[in-house]
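1. Sequence and predicted structure are below.
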Amino acid sequence: MKKFLAMALALCMIFALCAVASADDVKTYKVGVSIYQFTDNFMTLYRNEIENYFKSLETDSVKYEITMADGKNDMAEQTNQVQNFITQGMDVIILNLVQTSSADAVIDMVVDAGIPLVLINREPLAYDADGNTIDEAYEGILDNPTVCYVGADARQSGTFQGQMVLALDNKGDLNGDGKVSYIMIEGDPENIDAQYRTQFSIKALTDAGVEVEELFDQVGNWDQTKGQELCASALTQFGDKVEVVFCNNDAMALGAATAITAAGRTVGEDIYLYGVDALEEAVQLIKEGEMSGTVLNDAMGQSHAAVDVAIQLLNGEEIQNYYWVDYVMVDKAYAEANY
Ligand code: BGC
């Protein structure tokens, strides 16, 4: 009996030790993510994939506890969230800035707290001594070995939009008057994606020797309802003169598609419509002929790159300061073959 008790006791001790050991073996990393605005269509895909991908990389011994915060398009609110992340002792922060002009202040806060930082989607702009933005890498990122930016080069997306127009038999000149008359619906103008897409879509045309006429250029702030309103008002104002509608993103292009139908116009016949992002609804419209094309802004590729580098930072590995994910041109043929 004594022997039996001794054995039972020994077994209990072994089990207890194993339990302690396995609890010790599980490392849970705390990840703070702040997105500029939850209602943004594209950033919704992006943030969902950040969570999914982190979860898919969990093992028996490594877990990720993700806190996802909505910046509500308010920089003060987002600064508070970052402060909270610091107080809560996050192991890494992933940040989609509301305002890239606040990058310096936020980077300083996070670096001073000794927390690695991955900036995504909204690239902070480098500036010269006079405060004018310049086309160079951002020192606040380059100077910090634990800070990086993951994004896509928006010049490429603009250029692809222009190239899709150039690929049309009439190069976008529906009425044969020798020039492409277009309207431009822009995203948030502080955002380099909006600036570059606006500029490079047209540059692709003019570089190819195509004459252009800008009828209308207004800010729709990446928003579907705004895109619809602006396109409707441009069509009322300029009617048949409008040959091409460029939207800086698909959300606004989806709105524009509604306005185009409501105005009795037909995409592919008497007007062309282009977006960026390759949202599912937009690709569907391209297949049905209600949009002329879009450009894949790879939310999967970018979110995976952001998570991969966040994990490298958690492991104390050396990282690059910039990671770029390519855009892909999505015309009807591509949409039919790939979606
Ligand atoms: C996307 C937009 C999105 C914006 C948010 C852009 O890269 O194309 O759809 O609204 O990022 O910053």
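-> Structure's in. What do you need? Numbers count the residues shown, from 1 in each chain.
2. ranges for the helices of the protein?
-> Under the criterion DSSP state H, the chain contains helices at 2-25, 41-56, 75-87, 103-112, 139-142, 154-166, 192-207, 224-238, 250-262, 280-288, 299-314, 332-338.
3. Now do the fourth one, average pLDDT.
-> What it means is helix 103-112. Taken as a whole, helix 103-112 has an average pLDDT of 96.
4. Briefly note if that helix comes near the ligand.
-> No - residues of helix 103-112 contacting the ligand under CB under 6 Å from any ligand atom: none, with a closest distance of 13.8 Å. The C-beta positions use only the backbone N, C-alpha and C, and glycine is treated the same way.
5. So what touches that helix?
-> Here helix 103-112 makes contact (CB atoms under 8 Å, 6 or more residues apart in numbering) with 79, 82-83, 86, 93, 95, 97, 117, 119, 124, 138, 140-141, 144, 146-147.
6. Please check these and keep the buried ones.
-> Buried by 16 or more other CB atoms under 10 Å: 79, 82, 86, 93, 95, 97, 117, 119, 124, 138, 140-141, 144, 146-147, out of the contacts of helix 103-112.
7. which among those residues gets closest to I185?
-> L97 (22.7 Å; CB to CB).
8. what's the neighbour count on M68?
-> 15 (other CB atoms under 10 Å).
9. And the pLDDT for it?
-> Value listed for M68 in the pLDDT field: 98.
10. ok, now G140?
-> 89.
11. pretty sure it contacts Y149?
-> No - using CB atoms under 8 Å, G140 is not in contact with Y149, being 9.9 Å away.
12. what touches both of those two?
-> P124.
13. Give the full set of residues in contact with V147.
-> I107, V110, V111, P116, L117, V118, L119, G140, I141, N321.
14. who does the residue nearest to it when sequence neighbours are not counted bridge with?
-> Leaving aside its sequence neighbours, V147 sits nearest to L117 (CB to CB, 6 or more residues apart in numbering; 4.7 Å). Beta-bridge pairing for L117 (DSSP bridges): I93, V147.
15. Can you tell me how far L117 is from the ligand?
-> 17 Å (CB to the nearest ligand atom, to the nearest Å).
16. I figured V212 hits T206, correct?
-> Yes - assessed by CB under 8 Å, V212 is found in contact with T206 at 6.1 Å.
17. I'd say the residue nearest to V147 and D91 touch.
-> No - between L117 and D91 there is no contact under CB under 8 Å: 11.4 Å.
18. Can you tell me which residues in the stretch 51-200 of the chain are near the ligand?
-> That would be N121, R122, G187, N191, D193, which are the residues of the stretch 51-200 of the chain within reach of the ligand (CB under 6 Å from any ligand atom).
19. mind checking pLDDT for the third one?
-> Read it as G187. At G187, pLDDT is 98.
20. my guess is it meets W222, correct?
-> Yes - contact criterion CB under 8 Å: G187 and W222 qualify, at 4.4 Å.
21. Which one's more surrounded, V212 and T206?
-> V212 (19 against 12).
22. Apart from its neighbours in sequence, what residue is nearest that one?
-> Nearest non-adjacent residue to V212 (CB to CB, 6+ apart): V180, at 5.0 Å.
23. Output the lowest mean pLDDT helix or strand found in the protein.
-> helix 2-25 (a mean of 56; mean pLDDT, DSSP states H and E).
24. Can you tell me the closest non-neighbouring residue to the residue nearest in space to the middle of the chain?
-> Residue closest to the average C-alpha location in the chain (CA atoms, centre = their mean): N121, at 4.2 Å. The shortest distance from N121 to any residue other than its chain neighbours is 4.8 Å, reached at N96 (CB to CB, 6+ apart).
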